[in-house]
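> turn this into a model:
(one chain, ligands or ions: 1)
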Amino acid sequence: MTPETARWWQRGIVYQIYPRSFQDANGDGVGDLRGIIQRLDYLRWLGVDAIWLSPIYPSPMKDFGYDVADYTGIHPLFGDMADFDRLLDEAHRRDLKVILDFVPNHSSDRHPWFLASRSSRDDPRRDWYIWRDPGLEGGPPNNWLSVFGGSAWEWDEATGQYYYHAFLKEQPDLNWRNPELRRAMHDVLRFWLARGVDGFRVDVIYHLIKDDQFRDNPLNADWRPGQDPFARVIPFYTTDRPEVQDVVRELRAVIDEFPDRLLIGEISLPIERLVAYYGADLDGAHLPFNFQLIDTPWHARTIDFLVREYERHLPPGGWPNWVLGNHDKPRIASRVGRGQARVAALLLLTLRGTPTLYCGDEIGMTDVPIPPDRVQDPFEKNVPGLGLGRDPQRTPMQWEAGPGAGFTAGDPWLPIAADADRVNVAAQRGDPGSLMSFYRELIALRTREPAFSVGTFRVIEAAGDVLAYERRHGGRAFAVAMNLGGEPHAAELQAGRVVLSTEGGRAGEAVGGAVALRGGEGLVVALDGA
Ligand code: NOJ
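Alright, predicted model coming up:
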């Protein structure tokens, strides 16, 4: 692979925007499309190549847009179709690709398809959702659970059957075994692709097909009271069913009707199952999202192991990717501490594979404590007190000091972080030693040096808290070494010169042999004679 033969999404960096919290242009306390347009120059300055927008479709917002009531519209909260077309145009003029969230596993219970489906057992749309009679002893048809707590089956009095919902009861699952539904969804993709959208991130793609015999899920013997109630069973019959691969292949075929578009699959599965979503002939998702860095404890040896495992399991020609944060998981700066935030950035942006960066992580935003009366997330409301709520990582982007943090002139829908006067884009932009400046330098390095995007990857043997690897392309080679602990350590490296360091100040230093790293320090070294 060379920079010339690589596709844009292999060279590029994806930046996830959570639209409700990015930039509010009309003062209603919720971010919008015009707000995003205002910030495109910032994103270009930062150096990312693509933006992925969490859902912007009409929605009752029971799950903040992941309950779609119209797959081909824009929610008035965010603007209208003219705003969307302008966003697309303005992004493209700046060489930024636009990726939409596609939520095909379930719709809103307000979607006209579901209203029709639940209107009568004879309605032509009945089979577009998953309806079942009660179990033999009455009650739900089987033991399937909702990710957001309780049974996944909701009784419908009017038609005397249950419907299945993997998430909220307001998010009924669509029936992907129905060919008409499939065709309708393919047309949704075509609608946006024809408008110029560059790709999709497909929500919970591994959920799309459930067992056709509706067998009970096995119980999880390791589950203990006080843990996530969904983990009480193993979702064997409700996710990752063999037939889902056909569905993914068909989605990919639609994507391929248009030149140079991207299919990302959101998949929470262990590595050996995750890689199946590339498709048997690389005809599945281009990028099955890899959440290993989110889910793995922050220890050098554990990460060393998982990086090797991931590389080992990739199918030939399958392109890797790494995700460090998103709107569903605690923020990286909270998970690993601000002292490790630069090392985390270094890892994300120098590993082999497309990096996805979550808005706000570049300034080190941390999870914001949400007072009980301001909780918005239905997950927290349904399953309170277990730390599962996702509001803390969805708070408004911190652009500048002052009330509203430059995000809104109104009342923000979620509280703004207490440290926003200090931790914000404006303050960090003027400070060459800031985390954001480090991100920008790192992104520039990755963009400038093909070794980091298309180059080969080799782990360098290291011990204790040190993680190290080498990237190489076209006669240029770099060692990346980092200390994931708080105490000083040495990394054993070939001779070279430091080109970037997390602490700043070491650029240009000649190093080699046992290279000293302070706690939380990371280095990129251009190797001599490569
Ligand atoms: C995954 C999304 O990222 C999450 O925010 C959402 O609640 C569920 N899928 C259901 O759509």
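
> state the mean pLDDT of the host helix or strand of Val524.
Assignment of secondary structure by DSSP states H and E places Val524 within strand 522-527. Averaging pLDDT along strand 522-527 yields 98.

> thought Tyr163 was touching Arg126?
No: the pair Tyr163 / Arg126 is not scored as a contact, 10.1 Å apart, by Cβ atoms under 8 Å. Yep, even glycine has a C-beta here, placed from its N, CA and C like the rest.

> ok, the two, which is more surrounded?
Neighbour count, other Cβ atoms under 10 Å: between Tyr163 and Arg126, Tyr163 has more, with 22 against 18.

> check whether the host helix or strand of the more buried one contacts the ligand.
Here Tyr163, judged by DSSP H and E, is contained in strand 161-164. No: judged by Cβ under 6 Å from any ligand atom, strand 161-164 makes no contact with the ligand; its nearest approach is 13.9 Å.

> with only the CA atoms kept, save the next helix or strand after that strand in CSV.
Later in the chain than strand 161-164, the nearest helix or strand by DSSP H and E is helix 179-195. Extracted as CSV, the C-alpha positions of helix 179-195 are listed here (Å, rounded to 0.1, in the frame of the first residue of the first chain):
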residue,chain,number,x,y,z
PRO,A,179,-37.2,-8.6,1.9
GLU,A,180,-39.4,-5.5,1.5
LEU,A,181,-38.0,-3.9,4.7
ARG,A,182,-34.5,-4.6,3.4
ARG,A,183,-35.3,-2.9,0.1
ALA,A,184,-36.8,0.1,1.8
MET,A,185,-33.7,0.5,3.9
HIS,A,186,-31.4,0.1,0.9
ASP,A,187,-33.3,3.0,-0.7
VAL,A,188,-32.7,5.1,2.5
LEU,A,189,-28.9,4.6,1.9
ARG,A,190,-29.3,5.5,-1.7
PHE,A,191,-31.2,8.7,-0.8
TRP,A,192,-28.2,10.0,1.2
LEU,A,193,-25.5,8.6,-1.0
ALA,A,194,-27.0,10.4,-4.0
ARG,A,195,-27.0,13.6,-2.0
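
> following helix 179-195, which helix or strand comes up?
Proceeding N to C from helix 179-195, the next assigned helix or strand is strand 199-202, under DSSP H and E.

> can you give the strand pairings for that next one, parallel or anti for each?
strand 97-102 (parallel), strand 262-265 (parallel) (DSSP bridges).

> so Gln16 sits against Leu324, correct?
No: checked against Cβ under 8 Å, the pair Gln16 and Leu324 is beyond contact range at 10.2 Å.

> identify the contacts common to those two.
Common neighbours of Gln16 and Leu324, using Cβ atoms under 8 Å, 6 or more residues apart in numbering, are 356-358.

> so what pLDDT did the nearest residue to Asp465 once chain neighbours are set aside get?
Nearest residue to Asp465, sequence neighbours excluded (Cβ to Cβ, 6 or more residues apart in numbering): Gly485, at 3.0 Å. On pLDDT, Gly485 comes in at 97.

> which ones are touching Gly485?
Applying Cβ under 8 Å, 6+ apart to Gly485 gives the contacts 300, 464-465, 519-520.

> so which of the strands paired with strand 199-202 is the most surrounded?
Among the strands paired with strand 199-202, strand 262-265 has the highest mean neighbour count (mean count of other Cβ atoms under 10 Å), at a mean of 25.

> was I right about Gly35 contacting Ser21?
No: the pair Gly35 / Ser21 is not scored as a contact, 9.9 Å apart, by Cβ under 8 Å.

> where does the stretch 1-150 of the chain have low pLDDT?
Filtered on pLDDT under 70, the stretch 1-150 of the chain yields no residues whatsoever.

> find the nearest non-adjacent residue to the closest residue to the ligand within it, please.
Evaluated by Cβ to the nearest ligand atom, the stretch 1-150 of the chain has Tyr66 as its residue closest to the ligand, separated by 3.4 Å. In this structure, Tyr66 finds its nearest non-sequential neighbour in Val103, 5.5 Å apart by Cβ to Cβ, 6+ apart.

> ok, now how distant is that neighbour from Pro378?
For Val103, the distance to Pro378 (Cβ to Cβ, to the nearest Å) stands at 15 Å.

> who's more crowded, these two?
Val103 (27 against 22).

> ok, then the element right after the longest strand along the chain?
For the chain, the longest strand by residue count, based on DSSP state E, is strand 489-501. Note on strand 489-501: by DSSP H and E, the next helix or strand toward the C-terminus is strand 510-517.

> next, the angle from that next one to strand 522-527.
160 degrees (axes from the mean of the first three to the mean of the last three Cα atoms, to 10 degrees).

> partner strands of strand 510-517, with direction?
Sheet pairing for strand 510-517, using DSSP bridges, gives strand 489-501 (antiparallel).

> flag every buried residue along the strand it pairs with.
Of the residues in strand 489-501, 489-494, 496, 498-501 count as buried by neighbour count, 16 or more other Cβ atoms under 10 Å.

> and stretch 418-428, by the same measure?
420, 423-425, 427-428.

> so which of the buried residues of strand 489-501 would you say is closest to Asp95?
Nearest to Asp95 among those is Leu500, at 23.8 Å by Cβ to Cβ.

> and for the closest residue in space to the closest one that isn't next to it in sequence, the neighbour number?
Take Leu500 and drop its neighbours on the chain: the residue closest to it by Cβ to Cβ, 6+ apart is Val524, 4.3 Å away. If you count neighbours by other Cβ under 10 Å, Val524 ends up with 27.

> isn't Val524 up against Gly496?
No: using Cβ under 8 Å, Val524 makes no contact with Gly496, being 9.5 Å away.

> mutual contacts of these two, please.
Common neighbours of Val524 and Gly496 are listed as 478-479 (criterion: Cβ under 8 Å, 6+ apart).

> in which helix or strand does the residue positioned nearest the centre of the chain reside?
Centroid check for the chain by Cα atoms, centre = their mean gives Asn326 as the closest residue, at 4.8 Å. Using DSSP H and E, Asn326 is not contained in any helix or strand.

> how close does Arg301 get to Glu309?
Using Cβ to Cβ, Arg301 is found at 12 Å from Glu309.

> still on that earlier bit, now tabulate the buried residues of stretch 418-428 in TSV and tack on secondary structure.
Below are these laid out as TSV (DSSP: H, G, I helix; E, B strand; the rest coil):
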residue	secondary structure
Ala420	coil
Val423	coil
Asn424	coil
Val425	helix
Ala427	helix
Gln428	helix
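
> mind putting those residues in CSV, pLDDT and distance to the ligand included?
Output for the buried residues of stretch 418-428, formatted as CSV (pLDDT from 0 to 100; distance: Cβ to the nearest ligand atom, whole Å):
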residue, pLDDT, distance to the ligand
Ala420, 98, 23
Val423, 98, 24
Asn424, 98, 25
Val425, 98, 24
Ala427, 98, 30
Gln428, 98, 27
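
> circling back: find the pair from the buried residues of strand 489-501 with maximum spatial separation.
His489 and Val499 (20.4 Å).

> returning to what we had before: show me the shared contacts of Gln16 and Leu324 that map onto strands.
356-358.
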